[in-house]
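*Asks:* Give me coordinates for this.
(chains A and B)
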Amino acid sequence: MFRDALAVAGKDLRIEARSRVALNQVAPFALLVLILFAFALDPDSGVLHSATPGLYWVAVLFCAVLAIQRAFAIESADANQDALRLSGLEPAGIFLGKMLAICAQLAALEVLLGLGVVVLYNSPPTGWLLLVVTCVAATAGIAAAGTLYGVLAAGLRVRETLLPLLLLPVLAPVLIGSTRAFEAARNSTPSQGWPWVGLLVVFAVGYTVFGAFGFGPLLEES
Amino acid sequence: MISQPAQDDRGADVADGPSGTGSRGTRILGLVVLAGIALGAYLALVSSPPDVNMGDSVRLIYLHVPVVTVAYLACGLVTVASVMYLWKKSAWWDVTAAASAEIGLVFTCLTLVTGAIWGKPTWGTFWVWDPRLTATAMLALLLFGYQAVRHLPGDPTSRARRSAIVGLLVLPNVFLDNRAVTWWRSLHQGTTILNTLQPKIHDQMAFALVFNIFVGLLLAAWLMIHRWRLAWLEQQVEVAELDEAIAERRAEGAAPGTPAPGTPTPAATPTPATPTVADPTPATPTPASPTPASTSARTEVQP
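*Replies:* Down below sits the predicted model:
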């Protein structure tokens, strides 16, 4: 299963490296969202600085929706979905592979967005350990839920509109947990942030397990 | 769908299902519900005393709590029916999930509206970021997403399976939402009815509340029966239309001299003297349905 996962993840990341959609379109979109937030919230009033954790994670969620749509759009061309079904790979392995590839792309976007908020919002990072662990747990949760709902919406004519409607309410606990954990890190009170990391881990583990079991039937439907 | 009876018993069970949405029993239940609503309104608005702190605004509780009860029960039923559908692959459970999700969505929205109206005089604002309010709002959004999946065009079996996966995740998602927002400061009213050790509520008010919850459950049962039967009949129509389209297609193929469906009609082919008016309501699109042939055939059968 893990060999299948690595094969699928490698395949997705190779396609991304060659097509550079994430680099040329999603990354500029991420920076654009940060700049739009600055237009909406006056940078001189201090609101932007105090709301940085929330704005950061909202930007991550927007980018995640694009990355997930892209992860399944590459399967829709030339009946790749059928090839994936007939490949003999384990559905759980395909799920984990897709999830790993999305995780890698999201991690790169999070680093970029992190640099963006440091420079644009003047919010230097503090509490590195909590920040990194929060990012890992939240990214795994977003990727797991995103892969599950992504395959559910794949192959449908309404997938572009259906995916955000299904996925964003589901990701609400991730947004709340990661934002609060980032706030705790910024306020130098990491003990208040770790329970939120616990919630993120529960979310990520729950969706990974459910996704590994539910991916097969959904792949058959897509 | 028809060709895979082992995976889904839609086609096989059609003849055993109801032929209408109402029956003698449901009409009696409807009358009982109407009488119950009238008596419940009397108990809530006239008979029960105003609250010491909240005054007359407490009367909205007699509507709010029954609505919440029905909403949560319906949402729980969506998850149960989704699990059962994935297990049994039975259209009965699929229809149950569809019916309860619609009732759940309506009552969840009513919960938010009645809660907001009650919150204005009580808390001074229509909306607070209270855990229960926020989790209920997220539940409504999840149910909107579920409805979007339920109304996807295409193969009903595929739609049912996708819906079941989404429906299965409704309750765990609400639980996670609730956990996440519960760690915020709570303003919501604590437990009132189930706090048996220290009752905080006047006897007459408690009776009015319990009576209205009971009436709310009866109303939900009445709605559920009708929505369930309607959903079942919708599926019957879908199956019947598909059968009809396949039969017409076969008949066209068997008839000598009939051009194959989809092929352009030669100019020499005689056209009917009276032009056929296009059917304004085309058949429900199904992936297996031969749309051009069935539509043209329908115009002849049902002008």
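
*Asks:* Tally up the residues packed near the residue of the stretch 151-300 of chain B found nearest chain A, please.
*Replies:* As assessed by Cβ to the nearest Cβ, chain A sits closest to B:Ala180 within the stretch 151-300 of chain B, at 3.9 Å. In short, each C-beta sits where N, CA and C put it, glycine included. The local packing of B:Ala180 (other Cβ atoms under 10 Å in any protein chain shown) involves 24 other residues.

*Asks:* Would you check that it makes contact with A:Pro169?
*Replies:* No: in this structure, B:Ala180 is not within contact of A:Pro169 by Cβ atoms under 8 Å, at 12.0 Å.

*Asks:* before we move on, the earlier item: tell me who's in contact with the residue of the stretch 151-300 of chain B closest to chain A.
*Replies:* B:Ala180 sits next to A:Ala172, A:Pro173, A:Ile176, A:Gly177, A:Leu199 when contact means Cβ atoms under 8 Å, 6 or more residues apart in numbering or on different chains.

*Asks:* Mind listing what's buried along stretch B:54-61?
*Replies:* Neighbour-count burial for stretch B:54-61, counted by 16 or more other Cβ atoms under 10 Å in any protein chain shown, picks out B:Ser57, B:Val58, B:Arg59, B:Leu60, B:Ile61.

*Asks:* so which helix or strand takes in residue 217?
*Replies:* Just going to use chain A. Taking DSSP states H and E as the definition, one finds A:Pro217 inside helix A:190-221.

*Asks:* not quite, I wanted chain B
*Replies:* Using DSSP H and E, B:Leu217 falls in helix B:203-254.

*Asks:* Now do that helix: which elements does it pack against?
*Replies:* Judged by 3 or more Cβ pairs under 8 Å, 6 or more residues apart in numbering or on different chains; DSSP states H and E, helix B:203-254 is in contact with helix B:10-13, helix B:24-42, helix B:61-88, helix B:91-123, helix B:291-301.

*Asks:* so which of the ones you listed comes closest to chain A?
*Replies:* helix B:61-88 (7.9 Å).

*Asks:* helices and strands around the closest one, which ones?
*Replies:* Helix B:61-88 sits against helix B:91-123, helix B:131-150, helix B:156-168, helix B:170-182, helix B:203-254, with contacts defined as 3+ Cβ pairs under 8 Å, 6+ apart.

*Asks:* Quick one: those as JSON lines, columns for mean pLDDT too.
*Replies:* Shown next, in JSON lines, are those (pLDDT from 0 to 100):
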{"stretch": "helix B:91-123", "mean pLDDT": "90"}
{"stretch": "helix B:131-150", "mean pLDDT": "87"}
{"stretch": "helix B:156-168", "mean pLDDT": "87"}
{"stretch": "helix B:170-182", "mean pLDDT": "75"}
{"stretch": "helix B:203-254", "mean pLDDT": "87"}
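
*Asks:* so which of the ones you listed is the most packed in?
*Replies:* helix B:156-168 (a mean of 23; mean count of other Cβ atoms under 10 Å in any protein chain shown).

*Asks:* The stretch 51-200 of chain B against chain A: which residues are in contact?
*Replies:* B:86, B:138, B:141-142, B:144-145, B:148-149, B:152-154, B:158, B:161-162, B:165-166, B:169, B:172-173, B:176-177, B:179-181, B:183 (Cβ under 8 Å from any Cβ of the partner chain).

*Asks:* So B:Ser57 belongs to a helix, correct?
*Replies:* Yes: looking at B:Ser57 with DSSP: H, G, I helix; E, B strand; the rest coil, it is inside a helix.

*Asks:* wait, doesn't it sit right on B:Trp118?
*Replies:* Yes: contact criterion Cβ under 8 Å: B:Ser57 and B:Trp118 qualify, at 6.3 Å.

*Asks:* Quick check: pLDDT value at residue 63.
*Replies:* Looking at chain A here, since you left the chain open. With respect to pLDDT, A:Cys63 scores 92.

*Asks:* meant chain B actually
*Replies:* pLDDT at B:Leu63 comes out at 90.

*Asks:* Near it, how many other residues are there?
*Replies:* There are 18 residues near B:Leu63, going by other Cβ under 10 Å.

*Asks:* Same list (the contacts of B:Ala180) but as TSV, adding pLDDT.
*Replies:* Listed next are those as TSV, based on pLDDT from 0 to 100:
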residue	pLDDT
A:Ala172	88
A:Pro173	87
A:Ile176	88
A:Gly177	88
A:Leu199	87
